[in-house]
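**Student:** Return a 3D structure for these sequence lines:
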Amino acid sequence: MVETLNNKKLILASASPRRKELLDQVGIKYEVLPSNVEEHIEDMEGTPAEKAEKLAYIKARDVASKLKDCLVLGADTIVVVDNEVLGKPKDLDDAKSMLSRLSGKEHQVITGVALIDTNKNIELVSHETTSVKFRKLTSRMINSYLAAQEPMGKAGAYAIQGFGALLIEGINGCYSNVVGLPLTKLSKMIESLNTQS
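**Tutor:** Numbering: from 1, shown residues only. Coordinates of the predicted model:
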């Protein structure tokens, strides 16, 4: 996958440590230049997947507009339960409410991915969806998880790569997508971009 970048510099338009860890895991070299765009998904029109794609694109476009001759990667992850989008919790009470909503249910984790070649002005936007089934959570389990301080800054108030793994019964789909970046989808997008250049 590293070779498919064609010696172009990859810019990650996100400060997410999870996304950095995933790129490190597969040996992709990159630089971080977070977008300054504020996220307001509740104001957007469209399906949850369309909203995730729009947010990823807005972030990538914001950073790409300032750079030349590189690939800019934007991503945005949301959690959808009962057709409602759960973003990042505002506080611990909000996190507790989200975890209670997810308890015993299957939900979808959707990551919008945008890849922009600033030199050739090629823009690719897509998304990945993974179904995640939570076990039935007791109040004690939720409070214990909240005490770990892990829910903050995470869509849906949990981290599958951390203690949150203990809350999950199973997943159907891409694991890295639930962490925050679908690596196989990204690889396919890079390959597709190369065929267009």
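
**Student:** All the strands of the chain, in order from the start?
**Tutor:** 9-12, 31-32, 70-81, 84-86, 106-117, 122-134, 168-172 (DSSP state E).

**Student:** And those: which comes nearest M152?
**Tutor:** Closest of the strands of the chain to M152 is strand 84-86, at 13.6 Å (criterion: C-beta to C-beta). C-betas here are computed from N, CA, C, even on glycine.

**Student:** Indicate each strand paired with that closest one and its parallel or antiparallel sense.
**Tutor:** Here strand 84-86 is paired, per DSSP bridges, with strand 70-81 (antiparallel).

**Student:** and the worst-scoring helix or strand of the chain on mean pLDDT, which residues are buried?
**Tutor:** Every helix and strand of the chain was ranked by mean pLDDT, DSSP states H and E. The lowest is helix 183-196, at a mean of 89. Buried residues in helix 183-196, defined by neighbour count with 16 or more other C-beta atoms under 10 Å: L183, K185, L186, M189, I190, L193.

**Student:** What of stretch 159-173?
**Tutor:** For stretch 159-173, by 16+ other C-beta under 10 Å, it's A159, I160, F163, G164, L167, I171.

**Student:** coming back round to it: what's the least confident helix or strand of the chain in contact with?
**Tutor:** 1, 4-6, 22, 25-26, 71, 73, 111, 113, 115, 117, 120, 122, 124, 126-128, 174, 176-177 (C-beta atoms under 8 Å, 6 or more residues apart in numbering).

**Student:** Restricted to buried residues, select the residues you listed in PyMOL.
**Tutor:** To isolate the buried members of those in PyMOL, using 16+ other C-beta under 10 Å:
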select buried, resi 5+22+71+73+111+113+115+117+124+126+127+128+174+176+177
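
**Student:** for this structure, which spans come out with low pLDDT?
**Tutor:** 1-6, 39, 42, 197 (pLDDT under 70).

**Student:** try 90
**Tutor:** For the chain, the stretches with pLDDT under 90 are 1-9, 28-29, 36-46, 68-69, 83, 87-88, 119-121, 149, 153, 191-197.
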